[in-house]
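>>> Got a predicted structure here, sequence first:
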Amino acid sequence: VAAIDYRHYERLGYVLYGVGIVLLVLVFILGRDVRGSSRWIYIGAFSLQPSEFTKIFMVIALAKYLHDDPPDTLGRTLKDFAIPAGIALVPMFLILRQPDLGTALIHGLIFVSVCLMTRIRWKSLATLTITSAVALPLIWAYGLRDYQRNRITSFLNPEADVKRTGWHAHHARIAIGNGGFTGQGFMKGTQNQYLFLPDQHSDFPFAVFAEDWGFLGCLLLVLLYGFLVIWAIRIASTAKDRFGAVIAIGVGALIFWHALFNLGMVTGLLPVVGVTLPLFSAGGSSVITIMVGIGLLMNVSMRRYHVPSVRPTLAD
């Protein structure tokens, strides 16, 4: 990914996006129902989660469309973002139908982050914010399933149903508290070893890490994620073209929102929506997506400056 000039990916932007949409549709045909949702395509002993890959495909497609400067010096209007919004809404709709609220939210937040960093008018931003706020009751009533509403109400009142919908978040907080300042030690946490904490490898690995390594270990981990996000912003600010800058912003937003949502839901600051922790949670599709994103960051970073080729010449 890093070796091939990222500008070649611009030519394939819409093709890759189309492949991602086709894979999302195939989930409804070839996918299996696992714990109430169908998110994976099974190929022999392997499984593929298309909704992870569409994050990168969407970023490349958005970068291809938004690579030109805004037509107005004041920034882009909502009309200018109509097609980019469609690029984001199509995979979001298909992912919500699986259903997978967390991944759909990540797609939406990546789109919003890209819009904000590619100069949107303040009036347009205010209109978009008000419209989104008005739409929230409709989304609550018709866009969410019962178990998704239960997760949100459990977040608002975590002690209401600790033995069912609040079980994950409750024991995650216990694990974090047990870790203290320096932690219990590697594989010595009670919530982990006695299996009180479900989904340890997918949604709640941070709780296990916090119990084992404590506040100091968690601080180091958060700083590493912060470094990745700041690195992405730095690359975007020095990219040689807008296409590379939008890619860097999109990948940085992907890492930022994933880490924020996972850490938030594990610590009880956000509802449990099933978002993985980048490069930490189990899941091949998720890990590959983040690694491809980091490869794109390296790609844009390496090509920020033009280095002329040096040809040997005959001495006089």
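Alright, I've got the coordinates. Numbering: from 1, shown residues only.
>>> and the lengthiest helix in the chain, how far from the chain's centre?
Longest helix of the chain, by residue count under DSSP state H: helix 205-238. Relative to its chain's centre, helix 205-238 lies at 15 Å (Cα atoms, centre = their mean, to the nearest Å).
>>> And the next helix-or-strand element following that helix, what does it pack against?
Next helix or strand after helix 205-238 toward the C-terminus (DSSP states H and E): helix 242-267. Under the contact criterion of 3 or more Cβ pairs under 8 Å, 6 or more residues apart in numbering; DSSP states H and E, helix 242-267 touches helix 6-11, helix 50-65, helix 101-117, helix 167-179, helix 205-238, helix 284-302. For the C-beta atoms, the positions are set from N, CA and C on the backbone; glycine is no exception.
>>> make it 7 Å
In this structure, helix 242-267 packs against helix 6-11, helix 50-65, helix 101-117, helix 205-238, helix 284-302, with contacts taken as 3 or more Cβ pairs under 7 Å, 6 or more residues apart in numbering; DSSP states H and E.
>>> Need the winner for burial among these.
Comparing the helices and strands packed on helix 242-267 by mean neighbour count (mean count of other Cβ atoms under 10 Å), helix 50-65 comes out on top with a mean of 25.
>>> Restricting the selection to alpha carbons, write that helix to CSV.
The C-alpha trace of helix 50-65 is given here as CSV (Å, rounded to 0.1, in the frame of the first residue of the first chain):
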residue,chain,number,x,y,z
PRO,A,50,-17.0,-5.9,4.3
SER,A,51,-18.1,-3.0,6.5
GLU,A,52,-14.6,-2.6,7.8
PHE,A,53,-13.1,-2.3,4.3
THR,A,54,-15.7,0.2,3.1
LYS,A,55,-14.3,2.7,5.6
ILE,A,56,-11.1,2.9,3.6
PHE,A,57,-12.9,2.7,0.3
MET,A,58,-15.2,5.5,1.3
VAL,A,59,-12.2,7.7,2.3
ILE,A,60,-10.6,7.2,-1.1
ALA,A,61,-13.8,7.9,-2.9
LEU,A,62,-14.4,11.1,-0.9
ALA,A,63,-10.8,12.2,-1.5
LYS,A,64,-11.2,11.7,-5.2
TYR,A,65,-14.4,13.8,-5.3
